[in-house]
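> give the three-dimensional model of this entry:
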Amino acid sequence: MSVNQKIFGPAFHALAALIALLIPGPQCLPVLAQGTAFTYQGQLNQNSSPVSGLFDVQFAIYGAATNGTAVAPPVTNTATPVSNGLFTVTLDFGSGVFTGPARWLEISVRTNGSTGSYSLLQPRQEVMPAPYAMFAPVAGTAQAVPPGSVTAADLASNAVGEANLSSNLLAKVNAFLVWQGQTLPVITSSNSVLAPAGYPFEFDVTVSNYPPFTFNATGVPNGLSFVPLDTLAQIIGTCNSTGSFPVAISVGNVAGTIGTNVMMTFVPSAPTLDLVDLQNYYARYLHGDVEFDAIAYGFPLYYEWLQNGVLLAGETTNSLVLTNLTFSATGGYTIVASNTLGLTTGAIQLYVNNLAAWGYFCDGGFAEDTAPGTLTNVIASANNCAILALTADSRIFLWDDNGTNYVPPLSNVVAVAEGAAHSVALRTNGTVVAWGDNSLGQTNVPTGTTNVVAVAANVNLCVALKANGTVIYWGDDPNGEFTPPANATNIFSFAKGDSHSVALRGDSTVVAWGDDTYGQIDVPAGLTNVVAVAAGLGHTLALLNNGTVTGWGDTNALAIPAGLTNVVGIAAGDTVSVAIRADGTWTWWGDPDIWSDTDFPSDLGHVAAVSVADDDFSAIINDAKSFTLSGKVNTSFSYQIQPSGRSNYIALGLPPGLGINKNTGVVSGTPTKAGNWSTMLGTRNAVTNATQVFYIQIAP
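Model (predicted):
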């Protein structure tokens, strides 16, 4: 293949004297604001015959007729139209190329669309000057300066630096310097892929020759993503389709861009389950919700769910959602993923009990879903760095996120409490048992600790409330709590904070002692009609007999919601407070830097009692059904609450004319007004016990 060449254009008249003869006229005009582009015209022959079509033509400038090094980056004109051998292109090698020394133009050609190498045309064509280009209009000024009159000695050191040069010029110079040592990238990865559909997929587009590279891809199948990086690109994801997909990939560097096609073929595949990500043990609370999400691979996939071997109708996805759980939801669940190539299964065990747990243990593990599977019928709970639960048949369970912990064989237990690493239990005969960490005497129950009606614990100490209204401490006493004030008598119930104590007296007043850093023992003057107390790290709460809550101490934990009424139970953690309403709903408030709405379960209801310590929580759920009591106006009424264990009694929302004997649990009196009342009746001691909502109808 050969080419006859012409170069013309006002910018480079000085480059080819031959052209001045071929194209007279424009070359004789003054040249102003000349650029660096010029027009090249040639005739392309193959086997001495002119050709027609689209060709890729590459041009390079050299300083010699043969050999030598290119003095500018090559210019490539792709898809150049050639008609009867003739073609015309505009070339721009930038400034600093035609500076006076002789220059030769080298041309290479290939058919457009070809990925093969270029054909080099011989010989190189010398670039000759046009007459007026030899003397540009601005050269008159330079002509007045004698040659050699300005030398390097006449310029100050660094007088001409990068700041004096245009950014375009610097970019071109730097690109040229980089390009001199580089060649086009070479794609080294395979151009065909065979993979199973429905499985995680990753394909690396690998390249050699002078990074960094630029990548592009078209035709990537659905479910996959193209991720370009500096030195390679990746196609990743999961393709849930079968068939062959041609993917066009291009890679470029400073020397140019190349392309290739990769044929990606995805075929049907047998299913598998990722059992590592499929949790096989769940312990959830009554009336709560649970979702099982199975991760399966393969294509196509069909799903079925079974409970205790029985097919669950309509459950045909990889997720199973169970709402408003009942005890009957306890059992083994099986997920089956199948297709014509095979099937796979995964087993899940669900336990439903009446204790909800959430938050974080001391070592940072989640408290949710950690309850032992044999835990049932919980009547009391406590927590600190672990969760302690007592069942109606006096079984005691103690666990954290590492599993169950040691519990001594005990019977006839009616209340429990939990410290940082020790536990306390109250028995029906009024005696106390403690176990666990004893580094500070936490489990050394004092001799004579009898007739106890309630226990409490926190950090490294224990407290026992005796039937005569006095308290006994043992363990560590860094805040002087072992010596209560003189008015700490006739105590009915008791709460232990992180570093202070608070007691409810029989006359419904409150007394507190210990650390007062936040004012947590500064009981408001005149506070009375209190039915329960709770203590946190630096704050204290009191529940009044009208169903409202008040508090004092650390203000971060005292943002009691406006309009909070009908409260029947309270609890306090470090900087968090919880209130239980008579209808079994609950609310919380506290330091927003520690907790958010997402940290508390939204599906928790029917709550009878809550225990809070540090960052972990537990709540007892009472599934007893509400029922209706009937009476008449001006007619004597009486109802006896049937308690379990030693208790005191409260009632909220009674009809006018009725009251409750807090010592016997008898609701009695003569109703004075007809109507329907929602009433909370309950038994309580230092650990909140059962509560239940009754509907009392008083007929005219």
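> going forward, measure contacts between C-alpha atoms and count neighbours the same way
Noted.
> so F203 sits against G237, correct?
No - with contact defined as C-alpha atoms under 8 Å, F203 does not count as touching G237 (9.6 Å).
> okay, these two: which has more neighbours?
G237 (18 against 15; other C-alpha atoms under 10 Å).
> list the pairing partners of the host helix or strand of the more buried one within its sheet, with orientation.
G237 belongs to strand 232-238 when assigned by DSSP states H and E. Strand 232-238 sits in its sheet next to strand 200-208 (antiparallel), strand 224-228 (antiparallel), going by DSSP bridges.
> any chance of JSON lines for these, columns distance to L325?
Below are these laid out as JSON lines (distance: least, C-alpha to C-alpha, whole Å):
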{"stretch": "strand 200-208", "distance to L325": "35"}
{"stretch": "strand 224-228", "distance to L325": "38"}
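> which one of these lies nearest to L537?
Nearest to L537 among these is strand 200-208; the distance by C-alpha to C-alpha comes to 48.9 Å.
> chain center to that closest one: distance?
Remark: strand 200-208 is offset 27 Å from the chain centroid, using C-alpha atoms, centre = their mean, to the nearest Å.
> from N556, how far out is D591?
Using C-alpha to C-alpha, to the nearest Å, D591 is found at 5 Å from N556.
> got any residues that touch both of the two?
T575 (C-alpha atoms under 8 Å, 6 or more residues apart in numbering).
> quick one, helices of the stretch 551-700 of the chain?
Here the stretch 551-700 of the chain has no helices by DSSP state H, counting those that start in this stretch.
> what's the domain layout of this protein?
In terms of domains, the chain is parsed into 2-138, 186-267, 280-353, 627-699 (source: automatic domain parsing).
> just checking, G94 touches F38?
No - checked against C-alpha under 8 Å, the pair G94 and F38 is beyond contact range at 10.5 Å.
> the two - which one has more neighbours?
For G94 versus F38, neighbours defined as other C-alpha under 10 Å are more numerous around F38 (18 against 15).
> mind telling me what element the more buried one is part of?
Here F38 is assigned to strand 37-46, by DSSP H and E.
> pull out the buried residues from that strand.
Using 16 or more other C-alpha atoms under 10 Å as the burial criterion, the residues of strand 37-46 that qualify are 37-39, 41-45.
> hang on, the earlier thing: among the strands paired with strand 232-238, which comes closest to S630?
strand 200-208 (65.7 Å).
> for the closest one, give the mean pLDDT please.
For strand 200-208, mean pLDDT rounds to 95.
> give me the contact list for it.
Defining contact as C-alpha under 8 Å, 6+ apart, one finds that strand 200-208 is touched by 185-189, 195, 231-239, 297.
> what subset of the residues you listed is buried?
Counted by 16+ other C-alpha under 10 Å, those give 185-187, 195, 231-239, 297 as buried.
> for the strands paired with strand 232-238, which one sits closest to K673?
strand 200-208 (71.0 Å).
> following element in sequence after the closest one, please.
strand 214-218.
> would you indicate which residues of that next one are buried?
Neighbour counts over strand 214-218 (16+ other C-alpha under 10 Å) mark 214-215, 217 as buried.
> got it, and stretch 111-120?
Quick answer for stretch 111-120 (16+ other C-alpha under 10 Å): 111-112.
> stretch 203-222 now?
For stretch 203-222, by 16+ other C-alpha under 10 Å, it's 204-205, 207-208, 210-215, 217, 220-221.
> as a markdown table, the residues you listed with distance to S381 would be great.
Shown next, in a markdown table, are these (distance: C-alpha to C-alpha, whole Å):
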| residue | distance to S381 |
| --- | --- |
| D204 | 55 |
| V205 | 58 |
| V207 | 63 |
| S208 | 65 |
| Y210 | 67 |
| P211 | 64 |
| P212 | 62 |
| F213 | 62 |
| T214 | 62 |
| F215 | 61 |
| A217 | 60 |
| V220 | 56 |
| P221 | 55 |
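> report the two of these separated the most.
Farthest pair in the buried residues of stretch 203-222, by C-alpha to C-alpha: Y210 and P221, 29.4 Å.
> tell me where the chain has helices.
17-22, 139-143, 167-179 (DSSP state H).
> comparing those by mean pLDDT, which bottoms out?
Ranked by mean pLDDT, the helices of the chain bottom out at helix 17-22, with a mean of 28.
> let me know the closest of the buried residues of strand 37-46 to V471.
A37 (100.1 Å).
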